[in-house]
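Q: 3D, please:
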Amino acid sequence: MKSTTLTCLSACVLLILAPTGPVQGKSLLAIMSKQAETLQHGLDLASKVGDIGSKTYSIAFTAVTSSGTTYSSGSTIQFNRLKINHGNGFNTGNYRFTTPIGGLYVFSWNIGVHSSYVGNSNLIKNGSIYHQIHCQKTYQQCGATVTMWLNKGEQVWVTSGYSSIYVYATYSSFSGWKIN
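A: Okay, the predicted model is just below:
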């Protein structure tokens, strides 16, 4: 095997050096060597990324509220009934999504609001407001969809906003999924 490789390498060097001369051939050989290093570096990076979008790393959840409830300002909305929890990132005990794998995520939440309440809610990332929605005092469903980068172990959940809110069970949901 070594003699075959050496023969091929010798033939390639002769093919490179013969038409271009020894000085240009060495430059061309150096360029090709650098391109091979760059290609290898790219392949190494690609192998570290893993199987983007494969089922091995797919994460998605949808949780809904099981009953209509009034939440005081700043209370965590109790999305306690799971429709799907692929990757087991959502916890129905604390109503939070904890990132099992770092990456780019999409979150969407919708709140069905009673006409006696202003519909303010917050998407919380690690204890800080990431995004807010506001609905008027009418029967309506309002929500938002956002993207964010999360590291493994970071948490996302939904709270009531700056006022009390009545959340309708059949019209309120919280979903998230990993896109990269």
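
Q: host element of Lys83?
A: Using DSSP states H and E, the element containing Lys83 is strand 81-86.

Q: elements contacting that strand?
A: Using 3 or more Cβ pairs under 8 Å, 6 or more residues apart in numbering; DSSP states H and E, the elements in contact with strand 81-86 are strand 60-64. The way it works is simple: take the backbone N, C-alpha and C, and place the C-beta from them, glycine included.

Q: pLDDT below threshold where in the chain?
A: Low-confidence segments of the chain (pLDDT under 70): 1-57, 117-118, 137-139.

Q: now do 80
A: 1-57, 114-119, 135-141, 170 (pLDDT under 80).

Q: rewinding a little: partners of the strand holding Lys83, with directions?
A: In the sheet, strand 81-86 lines up against strand 60-64 (antiparallel) (DSSP bridges).

Q: what lines up beside the next helix or strand after the partner strand in the sheet?
A: Going down the chain from strand 60-64, the next helix or strand is strand 69-71, by DSSP H and E. In the sheet, strand 69-71 lines up against strand 165-178 (antiparallel) (DSSP bridges).

Q: follow-up on the earlier one: next helix or strand past the strand holding Lys83?
A: strand 90-91.

Q: show me what that following strand is packed up against.
A: Using 3+ Cβ pairs under 8 Å, 6+ apart: strand 90-91 touches strand 96-98.

Q: what pairs with the strand it packs on, parallel or antiparallel?
A: strand 90-91 (antiparallel), strand 155-160 (antiparallel).

Q: now do the strand holding Lys83: everything it contacts.
A: Contacts of strand 81-86 with the rest of the structure, by Cβ atoms under 8 Å, 6 or more residues apart in numbering, involve 58-66, 90, 92, 173.

Q: kindly report the same for stretch 123-139.
A: Against stretch 123-139 from outside (Cβ under 8 Å, 6+ apart): 107, 109, 111, 113-122, 142-144, 146, 148, 150, 154-159, 161.
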